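Asker: this is a predicted model, with the sequence first.
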Amino acid sequence: MNCLQTWPEPIVRVQSLVESGIRKLPNRYIKPPNQRPQTTTLLNPLQEDINIPVISLQDLFTGDESLRKATMASISSACSEWGFFQVVNHGVDPELMKRVRDTWHEFFELPVEAKQLYANSPDTYEGYGSRLGVEKGALLDWSDYFFLHFMPLSLRKQEKWPSIPNSCRTLITEYGNEMVRLCGTLMKILSLNLGLEEDHLQKALGGENNDIGACLRVNFYPKCPQPDLTLGLSSHSDPGGITLLLPDENVPGLQVRRGNNWITVKPVPNSFIVNIGDQIQVLSNAIYKSVEHRVIVNSEKDRVSLALFFNPKSDLIIEPLKQLVTKGRPAMYPAMTFNEYRLYVRMKGPCGKSQLESLKSLRS
């Protein structure tokens with residue numbers, strides 16, 4: 001892990017670039033023509049009517065079994081066909097969602113000197129950051145972020161969390177607990193939909209919540225002078241289990257790959273965006289699929305989103321579940337720990353689905 005101790009070049013805060021008044025993007029942020037939003041986004045006007053599935057979880061908790069099964073079927077279809085869906089009526093207080101989003105807006109509005117107290121390094125990424133990956137000379141994304149560990153408790157270090165605004169640490173704890181609870185509910189549904197016992201996927205990721213990994217990345221995408229030339233976050237699939245994203249309802253930015261096109265997600269009020277990570281694709285033997293996604297930026301408005309990653313225990317071996325391996329559907333991926341898998345991501349940064357696809361060659 002020595003290669004992950006320091007960043008390869010001096011760190012530049014994207015927010016500071018904007019505040020300096022620049023009108024042209026530095027070359028480090030300009031994407032190749034085939035990766036720029038205006039050349040790869042679906043231009044068909046019918047795209048305005050396309051969105052990822054929106055699913056209400058309310059019927060999961062009623063006594064009507066037919067409604068419960070219909071909701072579960074909708075989730076199963078979204079996991080296999082889209083890899084993404086939005087959930088509403090999920091049981092998380094909308095006021096909590098608003099407060100935590102507003103608090104992180106306040107953090108990123110602090111002077112850079114106050115935020116620099118939390119500057120991170122690539123060994124854990126925990127803290128205030130502005131790049132992913134340690135490849136020297138790599139093209140960079142137009143974003144800053146704050147990354148922190150929430151679970152397991154042995155990695156939770158609240159002294160590394162922002163102390164300003166004053167409510168931040170308390171809100172992170174309250175919000176994190178709600179996210180872990182909601183992830184647990186979704187994992188049960190995914191397990192049952194795969195024909196497994198309801199706790200099977202949870203156990204496959206490490207068992208109890210105290211062993212499973214959960215981390216939060218708060219993304220800050222400053223307004224950009226040339227948004228048609230760059231991305232807030234390059235195309236990637238999430239390396240972990242599942243992700244819960246609290247989007248910015250006022251500034252859309254998330255795009256999901258659908259075939260050869262990019263669909264801009266339209267956030268529904270008080271919703272979470274759920275997406276399947278690479279480890280669930282491996283465990284399900286590709287019945288459920290992680291999907292490439294990216295973030296575009298805006299010329300007039302900043303954008304904040306919160307991503308809670310629900311991940312396997314770091315040293316746990318992950319491989320296709322034997323119940324989902326058959327003669328007609330042999331195991332598609334080799335056994336590998338989550339630590340081994342995400343090391344690639346930490347070194348290279350976002351790289352589409354190249355890591356997961358490369359594992360298939362190890363089986364042949």
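Answerer: Thanks, I have it.

Asker: where along the stretch 251-364 of the chain do the strands fall?
Answerer: Per DSSP state E, counting those that start in this stretch, the stretch 251-364 of the chain carries strands over the ranges 254-258, 261-264, 272-276, 293-295, 303-311, 317-318, 336-337.

Asker: of all those strands, which lies closest to residue 242?
Answerer: Smallest distance to residue 242 across the strands of the stretch 251-364 of the chain (CB to CB): 5.1 Å, for strand 303-311. Placement of C-beta: from N, CA and C, glycine included.

Asker: tell me what angle the closest one forms with strand 272-276.
Answerer: 40 degrees (axes from the mean of the first three to the mean of the last three CA atoms, to 10 degrees).

Asker: so how far is strand 303-311 from its chain's centroid?
Answerer: Distance of strand 303-311 from the chain centroid (CA atoms, centre = their mean, to the nearest Å) equals 5 Å.

Asker: got the CA coordinates for that strand in PDB?
Answerer: The C-alpha coordinates for strand 303-311 follow below in PDB (Å, rounded to 0.1, in the frame of the first residue of the first chain):
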ATOM      1  CA  ARG A 303     -24.400  21.000  -6.800                       C
ATOM      2  CA  VAL A 304     -24.200  18.800  -3.700                       C
ATOM      3  CA  SER A 305     -25.100  15.100  -3.400                       C
ATOM      4  CA  LEU A 306     -24.500  12.500  -0.700                       C
ATOM      5  CA  ALA A 307     -23.600   8.900  -1.500                       C
ATOM      6  CA  LEU A 308     -23.700   6.200   1.200                       C
ATOM      7  CA  PHE A 309     -21.800   3.100   0.100                       C
ATOM      8  CA  PHE A 310     -22.900  -0.200   1.700                       C
ATOM      9  CA  ASN A 311     -19.900  -2.500   1.200                       C
END
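
Asker: quick one: list the elements packing against it.
Answerer: Counting by 3 or more CB pairs under 8 Å, 6 or more residues apart in numbering; DSSP states H and E, the packing neighbours recorded for strand 303-311 are helix 94-108, helix 168-193, strand 213-221, strand 242-246.

Asker: okay, helices next: where are they in this structure?
Answerer: For the chain, helices defined by DSSP state H occupy the ranges 14-19, 37-40, 65-81, 94-108, 112-116, 168-193, 200-204, 278-283, 338-348, 354-363.

Asker: out of these, deepest packed?
Answerer: Mean neighbour count (mean count of other CB atoms under 10 Å) peaks for helix 278-283 among these, with a mean of 27.

Asker: any residues touching that helix, and which ones?
Answerer: Identification of contacts with helix 278-283 by CB atoms under 8 Å, 6 or more residues apart in numbering yields 190, 201, 204-205, 237-242, 288-290, 311-312, 318-321, 324, 332-333, 338, 341, 353, 355-356, 359.

Asker: now it: how far from the chain's centre is it?
Answerer: For helix 278-283, the distance to the chain centre is 14 Å (CA atoms, centre = their mean).

Asker: what about it, average pLDDT?
Answerer: For helix 278-283, mean pLDDT rounds to 96.

Asker: on that earlier part again, turn the helices of the chain into JSON lines, including distance to residue 132.
Answerer: JSON lines is the format used below for the helices of the chain (distance: least, CB to CB, whole Å):
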{"stretch": "helix 14-19", "distance to residue 132": "13"}
{"stretch": "helix 37-40", "distance to residue 132": "19"}
{"stretch": "helix 65-81", "distance to residue 132": "26"}
{"stretch": "helix 94-108", "distance to residue 132": "17"}
{"stretch": "helix 112-116", "distance to residue 132": "18"}
{"stretch": "helix 168-193", "distance to residue 132": "21"}
{"stretch": "helix 200-204", "distance to residue 132": "27"}
{"stretch": "helix 278-283", "distance to residue 132": "16"}
{"stretch": "helix 338-348", "distance to residue 132": "8"}
{"stretch": "helix 354-363", "distance to residue 132": "13"}
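
Asker: please report how far residue 91 lies from residue 318.
Answerer: Here residue 91 is placed at a distance of 29 Å from residue 318 (CB to CB, to the nearest Å).

Asker: can you tell me which of the strands of the stretch 251-364 of the chain is nearest to residue 71?
Answerer: Per CB to CB, nearest to residue 71 of the strands of the stretch 251-364 of the chain: strand 272-276, 13.2 Å.

Asker: in its sheet, which strands sit next to the closest one, and in what direction?
Answerer: If you go by DSSP bridges, strand 272-276 pairs up with strand 84-88 (antiparallel), strand 242-246 (antiparallel).

Asker: sorry, back to before: which among the helices and strands packed on strand 303-311 is found nearest to residue 25?
Answerer: Across those, closest to residue 25 is strand 213-221 (CB to CB), at 13.9 Å.

Asker: most distant residue from the middle of this protein?
Answerer: The C-alpha centroid of the chain is most remote from residue 327, which lies 33.3 Å away (CA atoms, centre = their mean).

Asker: could you check the pLDDT of that one?
Answerer: So residue 327 comes in at 91 (pLDDT).

Asker: quick check: bridge partners of residue 87?
Answerer: Going by DSSP bridges, residue 87 forms beta bridges with residue 55, residue 272.
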